[in-house]
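**Q** Here's a sequence, model it:
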Amino acid sequence: MQVSFTHPTYLWNLIIVPFLVFFYFLSLKYSKSFSLKFANFVALSRVSGGVNEPSIVYVLIIRTVALICIILSISGMTLWYVGETDNKDYVLAIDVSSSMMQADFFPNRLDAAKEAAINFVESIPFTSRVALLTFSGTSFVDQPLTLEKNLVVNAIKNLTSNSVGGTDIGNAVITSSNLLLSSKKAKVIILLTDGRSNIGVSEDTAIAYAIDSHVVVNTVGIGNLEDNEFNLGINQEELKDLSDFTLGTSYIATTPEELEEIYLEIGNGTKTSNIPWDLSFILLILALVLLVSDWLLGDTIYRRIP
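**A** Residues are numbered from 1 along each chain as shown. Reported below is the predicted structural model:
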């Protein structure tokens, strides 16, 4: 389990908690010193029931916990745990380097990938948002995260190969993770490539960023596994590490049919994901309950001596 905060800067407000505790005890000491000036203080205390030391501590604990809950709530506290869920948002990251035009897939790798991606988008639940990113030597966001599946499908249909040299898988992972930052669901990247990362962000940096962003990366290698005159071949170890460290799965597709099955398996399966649990509302309700309890107890059991 991990904890993250949407607005971590608000956590600085926790600094005031120990000061408030100090001033609380200081005010009690001053109040007691003032009351002792009256000769009948002890008698009044017995008649009214008084306020003993444990009750003072209880009141302090209630108010302190309520304040902490409010601060954590406005900070957007989220608990992340590993589990299985169908409630996901996706980023489709597709390699559009020139090698994707090879004809070992009919009519070529890119068109086969486009068809499989479109079928995937049309098969997932309507509540899942999808974004589209393409990459080669650079990454480009073709469609931000959206519920409008037709926008994603149209963006996929319009994909063409990119003449920019190189393959920067690391930057594609980081940019895809950023597209999912606003998601309150399990976050999944499906990264398809026919090559290996040879420029840009390192694999280790990309993995660390994806883990910190609570993103699952599924990798799909397309094409042959051997070096040739067009590209350096798929780096299976690199893709497997990227998936394994982020709780994803690594696939290899050597035919269009295998590629279709892989996308559908990712979309229809309930594979392990990082699941967020937003605690903001719960913490706010808890703070409200504590404050109401403090108010009720202040007028009854823990009432102050007049």
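**Q** right, and Asp104 touches Gly223 too?
**A** Yes: in this structure Asp104 lies within contact range of Gly223 using C-beta atoms under 8 Å: 6.1 Å. Placement of C-beta: from N, CA and C, glycine included.
**Q** End to end on stretch 193-211, go ahead and measure it.
**A** Start-to-end span of stretch 193-211 (C-alpha to C-alpha, to the nearest Å) is 21 Å.
**Q** before we move on, what about stretch 154-171?
**A** Termini of stretch 154-171 sit 24 Å apart (C-alpha to C-alpha).
**Q** pLDDT of it, averaged?
**A** Stretch 154-171 shows a mean pLDDT of 90.
**Q** Show me which positions of it end up buried.
**A** Neighbour counts using 16 or more other C-beta atoms under 10 Å place 155-156, 159, 161-162, 164, 167-171 of stretch 154-171 among the buried residues.
**Q** So which of those belong to helices?
**A** Of these, the ones assigned to helices by DSSP state H are 155-156, 169-171.
**Q** Looking at the residues you listed, spot the one nearest Gly233.
**A** Ile169 (13.9 Å; C-beta to C-beta).
**Q** That closest one and Val217, how far apart?
**A** To Val217, Ile169 is 10 Å away according to C-beta to C-beta, to the nearest Å.
**Q** Find the residues that touch each one of the two.
**A** Overlap of the contact sets of Ile169 and Val217 (by C-beta atoms under 8 Å, 6 or more residues apart in numbering) consists of 191, 242.
**Q** For Ile174, give me its contacts.
**A** Contacts of Ile174 (C-beta under 8 Å, 6+ apart): 201, 205-206, 209-210.
**Q** which among the residues you listed gets closest to Asp241?
**A** Among those, Ala206 lies closest to Asp241 (C-beta to C-beta), at 10.0 Å.
**Q** Could you report the pLDDT at that closest one?
**A** 96.
**Q** if we can go back for a sec, any chance of the ones in helices among the buried residues of stretch 154-171 in a markdown table, plus distance to Val91?
**A** Shown next, in a markdown table, are these (distance: C-beta to C-beta, whole Å):
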| residue | distance to Val91 |
| --- | --- |
| Ala155 | 12 |
| Ile156 | 13 |
| Ile169 | 14 |
| Gly170 | 15 |
| Asn171 | 13 |
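**Q** This structure: strands as residue ranges?
**A** Remark: strands assigned in the chain by DSSP state E are 2-5, 77-84, 88-95, 130-135, 139-146, 186-193, 215-222, 250-253, 272-278.
**Q** and those strands, which one's lowest on average pLDDT?
**A** Lowest mean pLDDT within the strands of the chain: strand 272-278, at a mean of 79.
**Q** Which positions in that one come out as buried?
**A** Applying 16+ other C-beta under 10 Å to strand 272-278 flags 273-276 as buried.
**Q** do stretch 175-183 as well
**A** 175-180, 183.
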